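Novice: Just a sequence and a predicted model for now, questions to come.
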Protein chains: 2
Amino acid sequence: MSIVVLCGGVGGSRFLKALCEMRLQEEITAIVNTGDDLELYGLRISPDIDIVVYTLAGMINPQTAWGIRGDTFNCLDALRNLGEEAWFQLGDRDMATQIWRAKLMRQGKTLTETTALMTERFGLSLQVLPMCDELAPTMMETSEGITHFQHYLVRDKCEKSVKAIYPGGCGFEAAPGALDAIRSARMILFAPSNPFVSIGTILSVKGIRDAITAASAPKVGVSPLIGSDVIKGPAARMLSDLGLPVSSAGVSAQYAGILDAFIIDTADEAQAKEIRELGIEPHLADIMLDTPERRSALVKKVLEAGGAG
Amino acid sequence: MSIVVLCGGVGGSRFLKALCEMRLQEEITAIVNTGDDLELYGLRISPDIDIVVYTLAGMINPQTAWGIRGDTFNCLDALRNLGEEAWFQLGDRDMATQIWRAKLMRQGKTLTETTALMTERFGLSLQVLPMCDELAPTMMETSEGITHFQHYLVRDKCEKSVKAIYPGGCGFEAAPGALDAIRSARMILFAPSNPFVSIGTILSVKGIRDAITAASAPKVGVSPLIGSDVIKGPAARMLSDLGLPVSSAGVSAQYAGILDAFIIDTADEAQAKEIRELGIEPHLADIMLDTPERRSALVKKVLEAGGAG
């Protein structure tokens, strides 16, 4: 009977940190978006898994919200000098993770297995699962054609207008254990992550949306937006590009028919009615996650909304 | 009509540097020992090739005589934290070379091909060939059993007494181009490298010793020892462990029947007779390679000894 959390990178890892601070880590199964994954230099990069693990291990670079605090970039710099693409920022310590993961995968380990080993090596006691084992990247249709999510996000800095999103997990098998965790969960949470390229990607994996819909556990999400501002990442830009309302209500519409409850910021009280009309019960809270006090208050609200408060 | 140079890492790269400083780089084909090669983290490490390229590109760390000047070790440190072996010192910039080489090799490129690309990317105009394409490590029989050369050298710091050496190239095909270069060479040089685990390893590769013996070019070697002291590396220790004279004459005995001439330090004049009795013509010179003046004087002596002075 675990708490299943669907999450992406930055918002997701901060939400997981909040849950762990409330001593829930032993109960958590995080199902992490891997639609951001890419291969570079023959290495398998899994950015959201790394952000989650580094954040929970207290090693994340707080300025960037990715990578390892105090890391250097000499290896990447030397790869650039060798003529390699070097737009994806991998620090020297971060590169060790990638080298290590690639070594294990060449020995036949799956991403699920390397992720379990990684959490163990970093001293974490929650369960972290990739959404699926295969490399299944999210593809973005932009004004200039179809491109890998990381090309859109990092290489091209979200400069191109999004016309459509092809979520990476679509048609792929869920990671071993993911569907069982959902079926037996005592609560299912959607982290304040991007509704398209994080949560939406996980929901596109074969069986995950159906398992969540069929599960008896309460399902609670947290909005990644306050007003029309996203705390981190391209969610607001994507909603706008796709012609959708740039608001918590706009996000919640992506979860109609799935979530029971959705936590929005008190500043967005005016959207409550619209969310309720989607069949989702809105709850008001301070959804910023920047201090221990705010994180603990939000977790209490989330558990309350799930009927376990 | 090239100058073929058989060489290992430190002594070999300094000798190549001396030749390049005399504007001979366009003519040189260096055949480099790869018996030191190893696989770590799924990457192919080729230490002597790296030392040669870094030295000639002016990037070598002058303190250690391996690795890149000013390099950091954050990636290796993080690999250690992940539970990986980390006794082989690979700096962050050096790691980029290993990642890049491994990527190319997984794409099907041979070590000969990756080495040619490496010299090109580092702006060098000499030809650098590995002795062979396969991973063919030199194995050391020590007082405590048989061990990989790098385990003996780096991990165990030459602490174990050497009883026998199994040269890595033995039975393996020479790298494409190596035998042709030897056959058509205008001069064949043995760098002041270790006679067992550098030059001896190259000579053990299928066809190389025979091609050198049959070649009409003059064959000149340079001693790696002055008195009983080696400038860098475990040559003196090995000669001693194996019960051989720790001297330039002791080294030259390994080259009897192959070399025409052998350059020894003027301090070792007393050994000239012994070397001559092996059928090798001794030449006296200042064999230290630490200044441009000394390097240029030595190269002149080498070319003279080869009849091209």
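Specialist: Ah, there it is.
Novice: In the stretch 201-309 of chain A, which residue sits closest to chain B?
Specialist: A:K232 (24.6 Å; Cβ to the nearest Cβ). For the C-beta atoms, the positions are set from N, CA and C on the backbone; glycine is no exception.
Novice: Determine the three-state secondary structure at that residue.
Specialist: coil (DSSP: H, G, I helix; E, B strand; the rest coil).
Novice: Give the burial count for it, as a bare number.
Specialist: 17 (other Cβ atoms under 10 Å in any protein chain shown).
Novice: just the helices in the stretch 1-150 of chain A please.
Specialist: A:10-21, A:47-56, A:74-81, A:92-106, A:111-121, A:149-150 (DSSP state H, counting those that start in this stretch).
Novice: Among these, show me which one is buried the most.
Specialist: helix A:47-56 (a mean of 26; mean count of other Cβ atoms under 10 Å in any protein chain shown).
Novice: helices or strands next to it in the packing?
Specialist: Based on contacts counted as 3 or more Cβ pairs under 8 Å, 6 or more residues apart in numbering or on different chains; DSSP states H and E, the elements that helix A:47-56 packs against are helix A:10-21, strand A:28-32, helix A:111-121, strand A:127-130.
Novice: Try it again at 10 Å.
Specialist: If contacts are counted by 3 or more Cβ pairs under 10 Å, 6 or more residues apart in numbering or on different chains; DSSP states H and E, helix A:47-56 sits against strand A:3-7, helix A:10-21, strand A:28-32, helix A:92-106, helix A:111-121, strand A:127-130.
Novice: Turn the helices of the stretch 1-150 of chain A into JSON lines, including distance to B:Y152 and mean pLDDT.
Specialist: As requested, the helices of the stretch 1-150 of chain A are exported to JSON lines (distance: least, Cβ to Cβ, whole Å; pLDDT from 0 to 100):
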{"stretch": "helix A:10-21", "distance to B:Y152": "45", "mean pLDDT": "96"}
{"stretch": "helix A:47-56", "distance to B:Y152": "37", "mean pLDDT": "98"}
{"stretch": "helix A:74-81", "distance to B:Y152": "28", "mean pLDDT": "98"}
{"stretch": "helix A:92-106", "distance to B:Y152": "24", "mean pLDDT": "98"}
{"stretch": "helix A:111-121", "distance to B:Y152": "29", "mean pLDDT": "98"}
{"stretch": "helix A:149-150", "distance to B:Y152": "43", "mean pLDDT": "94"}
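Novice: which one of those helices lies closest to A:M187?
Specialist: A:M187 lies closest, by Cβ to Cβ, to one member of these: helix A:10-21, at 10.4 Å.
Novice: Send over that closest one as PDB, restricted to the C-alpha atoms.
Specialist: Extracted C-alpha coordinates of helix A:10-21, given in PDB (Å, rounded to 0.1, in the frame of the first residue of the first chain):
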ATOM      1  CA  VAL A  10      12.200  20.000 -11.100                       C
ATOM      2  CA  GLY A  11       8.600  20.400  -9.800                       C
ATOM      3  CA  GLY A  12       8.300  16.600  -9.300                       C
ATOM      4  CA  SER A  13      11.600  16.300  -7.300                       C
ATOM      5  CA  ARG A  14      10.600  19.300  -5.100                       C
ATOM      6  CA  PHE A  15       7.200  17.700  -4.400                       C
ATOM      7  CA  LEU A  16       8.900  14.400  -3.600                       C
ATOM      8  CA  LYS A  17      11.300  16.200  -1.300                       C
ATOM      9  CA  ALA A  18       8.300  17.600   0.500                       C
ATOM     10  CA  LEU A  19       6.800  14.200   1.000                       C
ATOM     11  CA  CYS A  20      10.100  12.700   2.200                       C
ATOM     12  CA  GLU A  21      10.500  15.500   4.700                       C
END
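Novice: what's the angle between that helix and strand A:28-32?
Specialist: Angle of helix A:10-21 versus strand A:28-32, following axes from the mean of the first three to the mean of the last three Cα atoms, to 10 degrees, is 170 degrees.
Novice: could you give the angle of helix A:10-21 to strand A:3-7?
Specialist: 160 degrees.
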